[in-house]
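Engineer: Predicted model and sequence follow; I will ask about them next.
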Amino acid sequence: MFRLKSLVKDKFTERHSRLSEGEIQNHGKMVSFKENVTNALKTVNPDAAENMEEELDEDIAVTQSEVNFTCPLTQVGLYSSCQ
């Protein structure tokens, strides 16, 4: 059983390395998967479904929020970034 698992993994890695990212994204099953995700989202939340197609291809942006603290005694602002 473990030999079968390693053979499948090796075969998958070999085939995956031969494909470019564009070929993977335009593969029929990947296109179908994206359409299914969009259709499922439309049934749950129609407003969010409009932006879903754009968000599927974009990278996630991580931002830091800034929190402003004010000293209760001196009323001086203390600025700190959340980690």
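Structural biologist: Arrived safely, thanks for sending. Numbers count the residues shown, from 1 in each chain.
Engineer: When you work out contacts or count neighbours from here on, use the C-alpha atoms and nothing else.
Structural biologist: Fine.
Engineer: separation between D47 and L7?
Structural biologist: 45 Å (Cα to Cα, to the nearest Å).
Engineer: Same question for F33.
Structural biologist: In terms of Cα to Cα, F33 sits 26 Å off from L7.
Engineer: So in the chain, where's the weakest helix or strand by average pLDDT?
Structural biologist: strand 77-81 (a mean of 60; mean pLDDT, DSSP states H and E).
Engineer: What pLDDT is listed against S32?
Structural biologist: Note on S32: pLDDT of 91.
Engineer: what's the distance between it and N39?
Structural biologist: 10 Å.
Engineer: This structure: helices as residue ranges?
Structural biologist: Using DSSP state H, the helices of the chain run over 2-18, 21-25, 28-44, 46-57.
Engineer: closest to T74 out of those?
Structural biologist: When the helices of the chain are compared by Cα to Cα, helix 46-57 sits nearest T74, at 45.3 Å.
Engineer: what does the average pLDDT come to for the closest one?
Structural biologist: 62.
Engineer: Same check on stretch 15-27?
Structural biologist: 83.
Engineer: Put together TSV for the helices of the chain, with mean neighbour count and distance to G77 on each row.
Structural biologist: Below are the helices of the chain laid out as TSV (neighbours: other Cα atoms under 10 Å; distance: least, Cα to Cα, whole Å):
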stretch	mean neighbour count	distance to G77
helix 2-18	10	54
helix 21-25	11	49
helix 28-44	13	43
helix 46-57	12	37
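Engineer: do you know which of these lies nearest F69?
Structural biologist: helix 46-57 (34.1 Å).
Engineer: give the contact list for V31.
Structural biologist: Going by Cα atoms under 8 Å, 6 or more residues apart in numbering, V31 touches Q25.
Engineer: hmm, try it at 6 Å
Structural biologist: If you count contacts by Cα atoms under 6 Å, 6 or more residues apart in numbering, V31 has none.
Engineer: gap between it and T43?
Structural biologist: 19 Å.
Engineer: Please apply the same query to D10.
Structural biologist: 39 Å.
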